[in-house]
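K.L.:
Whatever this is, show me its structure:
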Amino acid sequence: MNAERLAKYHAYTRKHSVNWPIYLLARVFLTPGFLLYFRYARTGREHARLKGGLIVASNHRSFLDPFILGGSLPWRRPMNYVAKVELFRRPWQGWILSRLGAFPIRRGESDEESMETARMLVERGGTVAIFPEGTRIRRGTLGSPRRGVGRLALQTGAPVIPAAVLGTEHVRRGWRIRPRKVKVRLGRAMTFPRAEEPSRALAETVTARIWPNVQLQWEDLGGLPAMRRAAVIGAGSWGTAVAVLLARGGLEVQLGARTPERVAELIDHGENRRYLPEVPLPETIDVRLASNIELDGLDLICLAIPSRSLPQAVGSIADRVGGRSSILLLTKGLIAPQGQLPAEYVGERVRARAIACLGGPAHAREAVSGSAALVLGSADADLRAQLGEVFDLAGLVCERSGDVTGVEMAGAAKNAAALAAAAAEPHGLNAAGIAVAEIWSECIEYAIQHGAELETFSGLAGVGDLTATMMAPTGRNRRAGELLGTGTPAAEIPKLIGQASEGLVTTPLLAEAVAASGVSADALTGLAELIRGEIDADEWVAGLRRVERARWAA
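P.N.:
Predicted structure coming up:
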């Protein structure tokens, strides 16, 4: 669009604000329609009954937001608002929008012409709506504000009404406008001293004062709150690493240890010398006894618990988790006695808002160094967006996935496969390769049968995690497999390596689950028998070769 057409739209808005006949006609028809079709609920309308210029600062979810907000103001107060310049490219569309109060803004640029139009309207006693996020945020919590609203408030000295709109994001699907509940809330007006030429820093400071009040209106309407407070239950290497990452991502974090002695050790040293030495704990991490953490009111609860201990941990917290809290599971394995995946097990027992899991080759020390990639799995798109942003801010490469079954099954499968590779390696690299291939194949077939996506196993959560685990010289499953392959009883291995091996715990459960589903589980069953001491490593490897030979003979 050329500068001349843009100037015409601005000139019309500065002179007329709106076309009164068209504006009144739109309100006569739209307001009753909104009330009936959208069950339009308006709270705090009394706060807009002010004289003089007014600024409305609101979140932005849909193209309907300006009309929904405008319908919440008194009839005598038409509302002008900024709209992206692309909406004005069709002359007929630009003509209608400008008569209804819109004026164009070039997003991503310092559009002084739009700011001047807004300033002139407000100083003349008009009302201007600003969407500080700068674009529509269709899902999750609110976005981050830009400083334009703070600058306009300072330049005009006009009151600012913090507002929120909820529900408009669910109204439109393609060209279809669906009947969904829509709510608006207006807060008390805020005022700031006038400054003709406010500095960038001052405008940002004022915006930072306004935006929390917009968030307050949003949360009062029932919108998804920002993620602020988290607790990590389990102070092992991975639990400590995730606590550090969440703190770097801007959250207030509580790290829960099992015993008073561990709490004192973590506080005194300022690091986890036992499991993650030389990684300082940020000051924003509050270390305390896990049983003393108040879970109600937390935004996120992370369970960094081995699969064997997860039932006990879930039983101790189930009735203390509030409905607004989400749960992040760091467990990679299956849960006894039925061999359930962690998300399924926890979802049946805890009243949480949403559940997520972590997968991928993100080992604790690499994760806190900022050089790791992980996979965040959740069926809840809002939680994926929120928590993914936290990990992004912490410096990780965070892949988002809706395939929770695939991410969790890939984690369980790589534990079994890595254990098998290390146990078979004394019999040659060929034997190790057969072990991995057979177990991986059995797990993939079982996972797909239960709704997982093949792409998950071929990506970071699957092959990526498997490769990293097999190559890690100090990895728990690799060390456990090496001991198992040389004849060490499985019951003695955790004491020798100093930590639990998920592969030792999960493989027997995985073998049972896969066999019960009708999928061939010869390799997994043989590894489970080796773990239980029913066969030795020589018999197991010989069995693997028979399985491979039979597969190709068939």
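K.L.:
Next, count neighbours for Gly395.
P.N.:
Residues contacting Gly395 under the criterion other C-beta atoms under 10 Å number 16. Using the backbone N, CA and C atoms, a C-beta is placed for each residue, glycine as well.
K.L.:
Quick check: closest non-adjacent residue to it.
P.N.:
Gly370 (3.8 Å; C-beta to C-beta, 6 or more residues apart in numbering).
K.L.:
and the one you found, how far is that from Gly249?
P.N.:
Gly370 sits 12 Å away from Gly249, going by C-beta to C-beta, to the nearest Å.
K.L.:
Quickly list what's touching both of those two.
P.N.:
In the contact map built from C-beta atoms under 8 Å, 6 or more residues apart in numbering, the residues linked to both Gly370 and Gly249 are Ala394.
K.L.:
Compare those two (neighbour count), which wins?
P.N.:
Gly249 (19 against 12).
K.L.:
so who does the more buried one touch?
P.N.:
Glu389, Val390, Phe391, Asp392, Leu393, Ala394.
K.L.:
what about Gly256, helix or strand, and which?
P.N.:
Assigned by DSSP states H and E, Gly256 falls within strand 252-257.
K.L.:
Then Val287?
P.N.:
If you go by DSSP H and E, Val287 is part of strand 285-289.
K.L.:
And that strand, what does it pack against?
P.N.:
If you count contacts as 3 or more C-beta pairs under 8 Å, 6 or more residues apart in numbering; DSSP states H and E, strand 285-289 packs onto helix 237-248, strand 252-257, helix 260-269.
K.L.:
Only the buried residues of the last one, if you could.
P.N.:
So that's helix 260-269. By neighbour count on 16 or more other C-beta atoms under 10 Å, the buried set for helix 260-269 is Arg262, Val263, Glu265, Leu266.
K.L.:
quick one, strands of the stretch 251-400 of the chain?
P.N.:
Ranges of strands within the stretch 251-400 of the chain are 252-257, 271-272, 276-280, 285-289, 300-303, 326-329, 354-359, 373-378, 397-401, based on DSSP state E, counting those that start in this stretch.
K.L.:
and of those strands, who's closest to Arg546?
P.N.:
Among the strands of the stretch 251-400 of the chain, the nearest to Arg546 by C-beta to C-beta is strand 354-359 (32.3 Å).
K.L.:
Run through the neighbouring helices and strands of that closest one.
P.N.:
strand 326-329, helix 342-347, strand 373-378, helix 381-393, helix 404-424.
K.L.:
so that strand versus helix 237-248, what angle?
P.N.:
Calculated by axes from the mean of the first three to the mean of the last three C-alpha atoms, to 10 degrees, strand 354-359 forms an angle of 120 degrees with helix 237-248.
K.L.:
Pairing partners for strand 354-359, with directions?
P.N.:
Its sheet considered, strand 354-359 pairs with strand 326-329 (parallel), strand 373-378 (antiparallel) by DSSP bridges.
K.L.:
can those go into JSON lines with extra columns for mean pLDDT and mean neighbour count?
P.N.:
Below are the strands paired with strand 354-359 laid out as JSON lines (pLDDT from 0 to 100; neighbours: other C-beta atoms under 10 Å):
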{"stretch": "strand 326-329", "mean pLDDT": "98", "mean neighbour count": "25"}
{"stretch": "strand 373-378", "mean pLDDT": "97", "mean neighbour count": "25"}
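K.L.:
Which members of the buried residues of helix 260-269 are the farthest-apart pair?
P.N.:
Within these, Val263 and Glu265 form the most distant pair, 7.3 Å apart (C-beta to C-beta).
K.L.:
quick revisit: what's the closest of the buried residues of helix 260-269 to Gly322?
P.N.:
Compare each of these with Gly322 using C-beta to C-beta and the shortest gap goes to Val263, at 23.7 Å.
K.L.:
and the gap between the closest one and Ser72?
P.N.:
Applying C-beta to C-beta to Val263 and Ser72 gives a distance of 51 Å.
K.L.:
re the thing from before, just the buried positions in the strand holding Gly256, please.
P.N.:
Val253, Gln254, Leu255, Gly256, Ala257.
K.L.:
That strand packs against which elements?
P.N.:
Applying 3+ C-beta pairs under 8 Å, 6+ apart, we find strand 252-257 packed against strand 229-233, helix 237-248, helix 260-269, strand 285-289.
K.L.:
mind checking which of these is nearest Arg176?
P.N.:
In terms of C-beta to C-beta, the element of the helices and strands packed on strand 252-257 nearest to Arg176 is strand 229-233, at 38.4 Å.
K.L.:
mind listing what the closest one pairs with, with the direction of each?
P.N.:
The strands beside strand 229-233 in its sheet (DSSP bridges) come out as strand 252-257 (parallel), strand 300-303 (parallel).
K.L.:
in the stretch 151-300 of the chain, what spans have low per-residue confidence?
P.N.:
By pLDDT under 70, the stretch 151-300 of the chain has no low-scoring segment.
K.L.:
Also the chain?
P.N.:
Across the chain, the ranges flagged by pLDDT under 70 are 551-554.
K.L.:
Could you count how many residues lie near Glu123?
P.N.:
Glu123 sits with 14 neighbouring residues when counted by other C-beta under 10 Å.
K.L.:
Arg228 now?
P.N.:
Arg228 has 11 nearby residues by other C-beta under 10 Å.
K.L.:
Now for it: which residues touch it?
P.N.:
Here Arg228 is in contact with Leu251, Glu252, Asp299 (C-beta under 8 Å, 6+ apart).
K.L.:
coming back round to it: could you verify my assumption that the residue nearest to Gly395 touches Asp392?
P.N.:
No. Using C-beta atoms under 8 Å, Gly370 makes no contact with Asp392, being 11.4 Å away.
K.L.:
Can you tell me which of the buried residues of helix 260-269 lies closest to Ser325?
P.N.:
So of the buried residues of helix 260-269, ranked by how close each gets to Ser325 (C-beta to C-beta), first place is Val263, at 22.3 Å.
K.L.:
Tell me the spacing between the nearest residue to the closest one once chain neighbours are set aside and Asn272.
P.N.:
The shortest distance from Val263 to any non-neighbouring residue, by C-beta to C-beta, 6+ apart, is to Ala257 (4.8 Å). Distance, Ala257 to Asn272, using C-beta to C-beta: 9 Å.
K.L.:
list residues touching both of the two?
P.N.:
With C-beta under 8 Å, 6+ apart, Ala257 and Asn272 have common neighbours Ala235, Leu266.
K.L.:
What residues sit buried inside stretch 399-412?
P.N.:
Counting neighbours by 16+ other C-beta under 10 Å, stretch 399-412 gives 399-401, 403-412 as buried.
K.L.:
my bad, should have said stretch 225-244
P.N.:
Within stretch 225-244, the residues scored as buried using 16+ other C-beta under 10 Å are 226-227, 229-244.
K.L.:
Then stretch 385-399?
P.N.:
Ala385, Gln386, Leu387, Gly388, Glu389, Val390, Phe391, Ala394, Gly395, Leu396, Cys398, Glu399.
K.L.:
Who are the contact partners of Val519?
P.N.:
So Val519 contacts Glu442, Glu445, Tyr446, Gln449 (C-beta under 8 Å, 6+ apart).
K.L.:
thinking again about what came up before, farthest pair within the buried residues of stretch 385-399?
P.N.:
Across those, the longest distance by C-beta to C-beta is 18.1 Å; it joins Ala385 and Gly395.
K.L.:
before we move on, back to that, what would the strands paired with strand 229-233 look like in CSV with distance to Val514?
P.N.:
Shown next, in CSV, are the strands paired with strand 229-233 (distance: least, C-beta to C-beta, whole Å):
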stretch, distance to Val514
strand 252-257, 34
strand 300-303, 25
